[in-house]
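A.B. asks: model the following, please.
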Amino acid sequence: MGRVGQLVRLGVVFFCAAEVALSQTESTPLRHLRDLKISDIFVPAELGYVIETHSPAPASSLASSSHPIIVHIQEAHSNYEAQKHLADILDRLVRDFGLTLILVEGGQGDVGLEYLRGYGPPDNRKEVAEKYLKSGILSGEEYLDIVSDYPLTLWGVEQDDLYQQNVQAFLRAESLRTTLGPVLARVRAAAELLKPRLTDPALSELGDKARAFEQGTLDASDYAEFLDGLARRERVSELAYPQLTRFLAVRALEGQIQQAHVQQQQTALMQRLSERLSKEQLDALIADAKGVRGKTVTQRAFYAHLNELVTSTKLSLDAYPQLALYLRYIEEGAQIKPATLAEELDQLAASLRAHLASTPESKTLQELLGQLDLAEKLLDLRLSPDEHQRFQSVNVGEMVSHWKSFLTEQLHQANLPSQSFDRLEALTTAWPTLQRFYEAAAKRDAVLVERAMAKLAETHEPLAVLITGGFHSPKITQLLKDRGVGVVVVAPKVSHETDERLYRAVLKYKSGHGSFEDVQAAVHDTQPETTQFVSQ
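C.D. replies: Next up, the predicted model:
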């Protein structure tokens, strides 16, 4: 699932963990205000997660006097759940902030589908668009452009030659999967045979848990608690992992909370406050409470307001222990940074592997398994930028030669069936082809930002959305920060991995190298789609 998938699963644990509060009035759309703030942007937890935020540079350091903000959405291509949530996030940004400008990768200039609105009534458009969204043909922003009546501008920010280079690199890399996939599978099978003989059972369990978490079949909280328990048992210090410590502490608080008692004590406290607050203060608090129910105000913002009023009226929360515990839970949970927590989980797992690999053979096998994980992701074109950077320092030829000699020797010593790794050298010759895909993807980053900024300057919009795949996100976020733009990085909520077969079929189809029937086969429907927009 990669880094984004990990962050999303981490974000789902606490409903308040990565939310950014908003303040909004129905009578004054924020898009007309030049003082739009990062803290105004709000994404409901059931739709997605704010991964990180960066405030815009002071106006004096920008070419214009505005303070532009870009909501940078990390999309999961051809994942129906993620794309539906992306559409819902955009819908809220339009309604709450008057968003009109959506910048996208994969196209140039005006790529809007507003013209399709004339081909049928809303219900018909939605029914058909839903089918194409499920097939991966439509993206979330395209779906919204068809089914809504919003005045949206979908603007492609690609440079065509660079994009085509990336597509061609993808197609060349794709052809290698059928030949190299079975070879790497044999390496994986041999390594798995040796694990029980060369590694501590706890180390094997750690590997299984890490892979389950990576693949999305193990919940983030369960993985964190497993690592914590193993670290305590093996006496591996966790002092270097403050976000994990906070995460586990908040989980413990969560177990102490009795929601019924929280509600009762909140009602009692509100009654006490009503006797001491002015009408204006009470109305403002009630408005915030309604905002929480309407998902326009975060629980953190409401309870911070409530706590301020408790302090100003000299009341004490001692009489409301469950409510006080809940306020602490809300505030502590809001301090958790999913990106940092994900890094700490990776780092602790690596420390535990090093600790548990007590023999030279065990250490070598763990190193091999780590390299094999990267090689498999490389072949599937799923490396994150950090993983790609790590793999660049690897001498693939030496790595492959070492795999063969180590596995052959260890299988022989363990009296296990020998394996043929004769075709493994093909990974060495394939490496430049696979590398070109990532190089082509990286070249696009600066162009995407440059063209996004040009469109932002042309339209003078204080707010825009930029949608790209997760691989581009770290570099693009840094480039936007360097340009003085305010950035809110968002990942739509997703509970399962993208179907790689569907993703590849859609990309081939859209690039003119595949068929719609291949797409339909990938969504388990081999019949060609014949539904069309019907004008009525």
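A.B. asks: now the element after the helix or strand containing residue 437, going C-ward?
C.D. replies: Using DSSP states H and E, residue 437 sits within helix 426-459. Next in sequence after helix 426-459, counting helices and strands by DSSP H and E, comes strand 463-469.
A.B. asks: buried ones in that following strand?
C.D. replies: For strand 463-469, the neighbour count (16 or more other C-beta atoms under 10 Å) marks 463, 464, 465, 466, 467, 468 as buried. For glycine as for every other residue, the C-beta is placed from the backbone atoms N, C-alpha and C.
A.B. asks: give me the packing partners of that strand, helices and strands only.
C.D. replies: strand 69-75, helix 80-97, strand 101-104, helix 140-147, helix 426-459, helix 473-482 (3 or more C-beta pairs under 8 Å, 6 or more residues apart in numbering; DSSP states H and E).
A.B. asks: format the ones you listed as JSON lines; extra columns: mean pLDDT and distance to residue 393.
C.D. replies: Formatted as JSON lines, the helices and strands packed on strand 463-469 follow (pLDDT from 0 to 100; distance: least, C-beta to C-beta, whole Å):
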{"stretch": "strand 69-75", "mean pLDDT": "94", "distance to residue 393": "26"}
{"stretch": "helix 80-97", "mean pLDDT": "93", "distance to residue 393": "32"}
{"stretch": "strand 101-104", "mean pLDDT": "97", "distance to residue 393": "33"}
{"stretch": "helix 140-147", "mean pLDDT": "95", "distance to residue 393": "36"}
{"stretch": "helix 426-459", "mean pLDDT": "92", "distance to residue 393": "13"}
{"stretch": "helix 473-482", "mean pLDDT": "91", "distance to residue 393": "18"}
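A.B. asks: check these for me and report the most buried one.
C.D. replies: strand 69-75 (a mean of 26; mean count of other C-beta atoms under 10 Å).
A.B. asks: for that one, packing partners?
C.D. replies: Using 3+ C-beta pairs under 8 Å, 6+ apart: strand 69-75 touches helix 80-97, strand 463-469, helix 473-482, strand 486-492.
A.B. asks: kindly recompute the last result at 6 Å.
C.D. replies: Using 3 or more C-beta pairs under 6 Å, 6 or more residues apart in numbering; DSSP states H and E as the contact test, the elements touching strand 69-75 are strand 463-469, strand 486-492.
A.B. asks: thinking again about what came up before, I'd like the helices and strands packed on strand 463-469 laid out as TSV, including distance to residue 312.
C.D. replies: Shown next, in TSV, are these (distance: least, C-beta to C-beta, whole Å):
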stretch	distance to residue 312
strand 69-75	32
helix 80-97	29
strand 101-104	41
helix 140-147	43
helix 426-459	42
helix 473-482	37
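A.B. asks: out of the ones you listed, nearest to residue 339?
C.D. replies: Residue 339 lies closest to helix 473-482 among those, at 9.7 Å (C-beta to C-beta).
A.B. asks: so residue 238: helix, strand or coil?
C.D. replies: coil (DSSP: H, G, I helix; E, B strand; the rest coil).
A.B. asks: contacts only, for it.
C.D. replies: Each residue near residue 238 by C-beta atoms under 6 Å, 6 or more residues apart in numbering is listed here: residue 231.
A.B. asks: show the pLDDT at it.
C.D. replies: According to the prediction, residue 238 has pLDDT 90.
A.B. asks: distance check, it against residue 229.
C.D. replies: For residue 238, the distance to residue 229 (C-beta to C-beta, to the nearest Å) stands at 11 Å.
A.B. asks: pipe the helices and strands packed on strand 69-75 into JSON lines and attach distance to residue 448 and mean pLDDT per row.
C.D. replies: Putting those into JSON lines (distance: least, C-beta to C-beta, whole Å; pLDDT from 0 to 100) gives the following:
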{"stretch": "strand 463-469", "distance to residue 448": "7", "mean pLDDT": "94"}
{"stretch": "strand 486-492", "distance to residue 448": "14", "mean pLDDT": "93"}
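A.B. asks: would you reformat these as CSV and include distance to residue 288?
C.D. replies: Shown next, in CSV, are the helices and strands packed on strand 69-75 (distance: least, C-beta to C-beta, whole Å):
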stretch, distance to residue 288
strand 463-469, 23
strand 486-492, 22
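A.B. asks: quick one: closest of the helices and strands packed on strand 463-469 to residue 276.
C.D. replies: helix 80-97 (32.6 Å).
A.B. asks: check which helices and strands that closest one sits against.
C.D. replies: When contacts are defined as 3+ C-beta pairs under 6 Å, 6+ apart, helix 80-97 packs onto helix 140-147, strand 486-492.
A.B. asks: out of those, which is closest to residue 346?
C.D. replies: Each of the helices and strands packed on helix 80-97 has some distance to residue 346 by C-beta to C-beta; the shortest is strand 486-492, at 17.3 Å.
A.B. asks: tilt between the closest one and helix 473-482?
C.D. replies: Using axes from the mean of the first three to the mean of the last three C-alpha atoms, to 10 degrees, the direction of strand 486-492 lies 160 degrees away from that of helix 473-482.
A.B. asks: what pairs with strand 486-492, parallel or antiparallel?
C.D. replies: strand 48-54 (antiparallel), strand 69-75 (parallel) (DSSP bridges).
A.B. asks: could you dump those strands to JSON lines with distance to residue 160?
C.D. replies: As requested, the strands paired with strand 486-492 are arranged in JSON lines below (distance: least, C-beta to C-beta, whole Å):
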{"stretch": "strand 48-54", "distance to residue 160": "30"}
{"stretch": "strand 69-75", "distance to residue 160": "21"}
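A.B. asks: quick one: closest of those strands to residue 425.
C.D. replies: Residue 425 lies closest, by C-beta to C-beta, to one member of the strands paired with strand 486-492: strand 69-75, at 36.0 Å.
A.B. asks: what's the distance between that closest one and the middle of its chain?
C.D. replies: On the basis of C-alpha atoms, centre = their mean, to the nearest Å, strand 69-75 sits 11 Å off its chain's mean C-alpha point.
A.B. asks: and the angle from it to strand 463-469?
C.D. replies: Using the same axes, to 10 degrees: strand 69-75 against strand 463-469 is 20 degrees.
A.B. asks: now strand 69-75 against helix 140-147, angle please.
C.D. replies: 100 degrees.
A.B. asks: contact partners of strand 69-75?
C.D. replies: Looking at strand 69-75 with C-beta under 6 Å, 6+ apart, the contacting residues turn out to be 4, 86, 463-467, 470, 473, 480, 485-491.
A.B. asks: any stretches of this structure with poor pLDDT?
C.D. replies: Applying pLDDT under 70 to the chain picks out residues 1-35, 59-66, 524-536.
A.B. asks: ok, longest helix in the chain?
C.D. replies: For the chain, the helix with the greatest residue count under DSSP state H is helix 160-198.
A.B. asks: who are the packing partners of the following helix or strand past that one?
C.D. replies: Note on helix 160-198: by DSSP H and E, the next helix or strand toward the C-terminus is helix 201-215. Using 3+ C-beta pairs under 6 Å, 6+ apart, the elements in contact with helix 201-215 are helix 338-356.
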